[in-house]
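Enquirer: Provide a 3D model corresponding to the input given below.
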Amino acid sequence: MNGSNRRIFLMQFAAGGSVLMAGAAHAQAAPLVDEKNAQAMALGYAADSTKVDGKKYPKHAATQLCSNCTLYTGKAGEATGPCGIFPGKHVTAKGWCSAYVKKA
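Expert: Below is the predicted model:
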């Protein structure tokens, strides 16, 4: 390898590393919605759908999960994902809130 090729290789290597680091930083999950957050409480959000108060939310069904809600935009199979109701935060895939709308 002559000096010019080595320089090009090192620049490409450094650029590739920067891209990987940027991708890893972007992949970090947003913070989870706190169930005690005022908006979450108003919507009856529960990180675990099995813990929803059936008397307070009689329309809740065991099959209703954030992961099969229209507002959930997380990837299938992931434990958490973004929700249109809580911008900048993630909800658990097994969670539920009163804004639930079944995906078509």
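
Enquirer: Tell me where this protein has strands.
Expert: Along the chain, counting by DSSP state E, strands occupy 80-83, 86-92.

Enquirer: Now the residue nearest the centre of the chain: closest residue in space, sequence neighbours ignored.
Expert: Centre of the chain computed as the mean C-alpha position; nearest residue by Cα atoms, centre = their mean is residue 81, 1.8 Å away. Residue nearest to residue 81 in three dimensions, not counting chain neighbours: residue 74, with 1.4 Å by Cβ to Cβ, 6 or more residues apart in numbering. C-beta here means a position set from N, CA and C on the backbone, and glycine is covered the same way.

Enquirer: Quick check: can you list the domain ranges of the protein?
Expert: Listed domain ranges for the chain are 1-29, 31-104 (source: automatic domain parsing).

Enquirer: and the end-to-end length of the last one?
Expert: Start and end residues of domain 31-104 are separated by 27 Å (Cα to Cα, to the nearest Å).

Enquirer: looking at this structure, which helix or strand is least sure?
Expert: Here the helix or strand of the chain ranked lowest by mean pLDDT, DSSP states H and E is helix 3-27, holding a mean of 57.

Enquirer: that older thread, mean neighbour count, the strands of the chain: which tops it?
Expert: strand 80-83 (a mean of 20; mean count of other Cβ atoms under 10 Å).
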